[in-house]
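[1] Dropping the sequence and predicted coords here.
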Amino acid sequence: MRAQPTLVRRVVLALMLAFGLIFALNLAVIYRQVTDLGRLDARLRARAERLLVSLDGASSAGEARMLAAAASGMLNQSAGDAPALANPRAQRSASVLMVLSDAAGTPLYRSAGPSWTPPIAGRAADVAADGRSWRAYRAASPRWSVALAEEKFAPAALLLRISRDMGFYLLVSFVLVLGAIWLAVSSGLRPLRQLSQTIAARGADDLQPLGVSAVHAELTPLTSSIDRLLAQLRSKMETERGFVQDAAHELRTPLAVISAQAHVLATAPAGEQRACAERAMDRAIGRASRLIRQLLALAQADSAPAAAAAATDVAQLVRQELASLAPAAMRRGVDLSLESPDTLLHQLDAHALQSILHNLVSNAIEYVGSGGQVLVELREWEGALRLSVSDDGPGIAPEEQLHIFERFRRGAGQQSVGSGLGLAIVRQAAARMNGTVRLGPGLGGKGCGFVADLPSAERS
């Protein structure tokens, strides 16, 4: 079973990567410094010239020989005492070779080590001695000449030596730094663990704010986000609770009518009283059925994801939907008309569009009154589909317009018509399509209208 990732493990891995990069960078820098012939030549030249200055004060060849021997000993001693990381030639005998000659070229002193031939005066060159490669430089004055040589190590051996010595120091540093970071991370995550325990201790129905004052700046965005989420959940639950209560209240009236008329049918003799009871029961059943259908449609618009969009001839779809609504308009004496191009292709959720059109037109037919007009307009507008439904009915009072899209909201004086869910369904269906719906102008300066702007699925 795969272990769950942890922040501490990520920090440790990041630290290991950082140390690896530091190791590689230092290795490259030190290797470049050690193998740089320019540096090596400059060092040999400076040593040889300083030694010549000292030898110029010697009064005899014997004194010069003694000075050269002392200088050779000091050079090899300093090389042997130097840390291996700074000088990988440490702990090797005769790290620096020296040859002192007089003006005639007669050797006066040769340091211990293999035999070798100095280069031309004033030049640096590679020389071979004892099967190894050396870098040599020879400096001359009117009385003496001094040649110095330092061994050149093979690249593989040099890298191995530097890696071994530097790796030891980095390993010690890594252990110390890792321990410190481990303690720091564990201590730094303690407030987060405490916040987690506080949240876990809350009840399942407790959606109140956390009430935690974050001392650390890093926790402030987290606690603020959680409090916003809890506020959204509280609002959602309050809305759903109100929705259930309103639905129960709306269903109570038609069910009471059905119950009362059923009692009348059971006791009334055949005649006008029984016929009236049957008509009242039919109306109540129709109202209850419509309310249930709209409740289901609203629940689906609230929770269901948008259906896969497809290229649709929206003009043909609207004509078909209006044909199904035409009988209701004729029964109420309403003139239902459409202004649309013959063909209008659009990428959208056809079912959501049908829901918007059906509810807007049904509402208009219900409220416009006998002899009224309902106009449906369909066109493209700035790359989006614009659907307008307007009528010349009594309109909506200004104080009601801000709340017209709320659930179970009906205009003043219209409590007996509809369920107040149609426009809420329209708003949710438009939102599913990333569109908007708003109030628009009515016909001839009267009534009201609704305008839905629905972007193409390709653009949204």
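    Sure thing, it's come through.
[2] quick one, helices of the stretch 151-300 of the chain?
    Using DSSP state H, counting those that start in this stretch, the helices of the stretch 151-300 of the chain run over residues 155-188, 190-200, 220-267, 272-303.
[3] and the longest one, what does it pack onto?
    Identification of packing neighbours for helix 220-267 by 3 or more CB pairs under 8 Å, 6 or more residues apart in numbering; DSSP states H and E yields helix 190-200, helix 272-303. C-beta: built from backbone N, CA, C; applies to glycine.
[4] between that helix and helix 190-200, how big is the angle?
    Computed by axes from the mean of the first three to the mean of the last three CA atoms, to 10 degrees, the angle separating helix 220-267 from helix 190-200 equals 10 degrees.
[5] per-residue confidence averaged over helix 220-267?
    Average pLDDT, helix 220-267: 75.
[6] got it, and the last one?
    For helix 272-303, mean pLDDT is 71.
[7] next SSE after it?
    strand 310-313 (DSSP states H and E).
[8] now the following helix or strand past that next one, how far from the chain's geometric center?
    Sequence-wise, the next helix or strand downstream of strand 310-313 (DSSP H and E) is helix 314-331. In terms of CA atoms, centre = their mean, to the nearest Å, the centre of helix 314-331 is found 47 Å from the chain centre.
[9] helices and strands around helix 314-331, which ones?
    Using 3+ CB pairs under 8 Å, 6+ apart, helix 314-331 is in contact with strand 335-339, strand 345-348, helix 350-368, strand 373-381.
[10] follow-up on the earlier one: and the helices of the stretch 151-300 of the chain, which is most packed in?
    Ranked by mean neighbour count, the helices of the stretch 151-300 of the chain are led by helix 272-303 with a mean of 15 (mean count of other CB atoms under 10 Å).
[11] I'd like the helices of the stretch 151-300 of the chain written out as JSON lines, with distance to A311 added.
    As requested, the helices of the stretch 151-300 of the chain are exported to JSON lines (distance: least, CB to CB, whole Å):
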{"stretch": "helix 155-188", "distance to A311": "55"}
{"stretch": "helix 190-200", "distance to A311": "47"}
{"stretch": "helix 220-267", "distance to A311": "35"}
{"stretch": "helix 272-303", "distance to A311": "23"}
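[12] Setting aside sequence neighbours, what's the nearest residue to K446?
    D392 (4.5 Å; CB to CB, 6 or more residues apart in numbering).
[13] Sketch out the low-pLDDT regions of this protein for me.
    Applying pLDDT under 70 to the chain flags the ranges 1-4, 7-8, 78-94, 239, 242-253, 287, 290-291, 293-309, 407-421, 457-460.
[14] Most distant residue from the centre of it?
    S60 (81.9 Å; CA atoms, centre = their mean).
[15] how much space between that residue and F168?
    The gap separating S60 from F168 is 49 Å, by CB to CB, to the nearest Å.
[16] likewise S59?
    Applying CB to CB to S59 and F168 gives a distance of 50 Å.
[17] do the same with G435
    68 Å.
[18] Regarding A149, which helix or strand does it belong to?
    Here A149 is assigned to strand 144-151, by DSSP H and E.
[19] Out of the helices and strands packed on helix 314-331, which gets nearest to S72?
    For S72, the closest of these is strand 345-348, at 90.2 Å, according to CB to CB.
[20] Could you count how many residues lie near D453?
    With neighbours defined by other CB atoms under 10 Å, the count for D453 comes to 18.
[21] For it, which three-state class applies?
    strand (DSSP: H, G, I helix; E, B strand; the rest coil).
[22] Quick one: list the elements packing against the strand holding A149.
    Using 3+ CB pairs under 8 Å, 6+ apart, strand 144-151 is in contact with helix 37-55, helix 61-81, strand 96-102, strand 132-140.
[23] export the ones you listed to TSV and tack on mean neighbour count and distance to A204?
    Listed next are the helices and strands packed on strand 144-151 as TSV, based on neighbours: other CB atoms under 10 Å; distance: least, CB to CB, whole Å:
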stretch	mean neighbour count	distance to A204
helix 37-55	15	73
helix 61-81	16	74
strand 96-102	22	81
strand 132-140	20	79
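[24] just so I know, which of those lies nearest L387?
    L387 lies closest, by CB to CB, to one member of the helices and strands packed on strand 144-151: helix 37-55, at 80.7 Å.
[25] Show me what that closest one is in contact with.
    Helix 37-55 is contacted from outside by 33, 64, 67-68, 71, 75, 100, 124, 135-141, 143-144, 146-150, 152, using CB atoms under 8 Å, 6 or more residues apart in numbering.
[26] switch to 10 Å and redo it
    Contacts with helix 37-55, where a contact means CB atoms under 10 Å, 6 or more residues apart in numbering, come from 32-34, 36, 63-65, 67-68, 70-72, 75, 96, 98, 100, 108, 121-126, 135-141, 143-150, 152.
[27] Number of residues surrounding the closest residue to R138 other than its chain neighbours?
    Leaving aside its chain neighbours, R138 sits nearest to A147 (4.1 Å; criterion: CB to CB, 6+ apart). Residues lying near A147 (other CB under 10 Å) number 25.
[28] about what we covered before: go through the helices and strands packed on helix 314-331 and pick out the most buried.
    Comparing those by mean neighbour count (mean count of other CB under 10 Å), helix 350-368 ranks first with a mean of 22.
[29] Tell me which other helices or strands it touches.
    Where contact means 3 or more CB pairs under 10 Å, 6 or more residues apart in numbering; DSSP states H and E, helix 350-368 is packed against helix 272-303, strand 310-313, helix 314-331, strand 335-339, strand 373-381, strand 384-391, helix 422-432, strand 449-455.
[30] how about the helices and strands packed on helix 314-331, which one is nearest L255?
    helix 350-368 (21.5 Å).
[31] State the distance from R43 to P118.
    Per CB to CB, R43 is found 17 Å from P118.
[32] ok, now how distant is F174 from A18?
    Taken as CB to CB, the span from F174 to A18 is 9 Å.
[33] typo on my end, it should be P142
    Counting by CB to CB - P142 and A18 are separated by 57 Å.
[34] For A58, the count of nearby residues, please.
    Under the criterion other CB under 10 Å, the count of neighbours that A58 has is 16.
[35] Test my guess that it contacts R65.
    Yes - in this structure, A58 is within contact of R65 by CB atoms under 10 Å, at 8.6 Å.
[36] Make sure A104 is indeed in a strand.
    No - the assignment for A104 is coil, going by three-state DSSP, so no strand is present there.
[37] Now for it, how many residues are close by?
    6.
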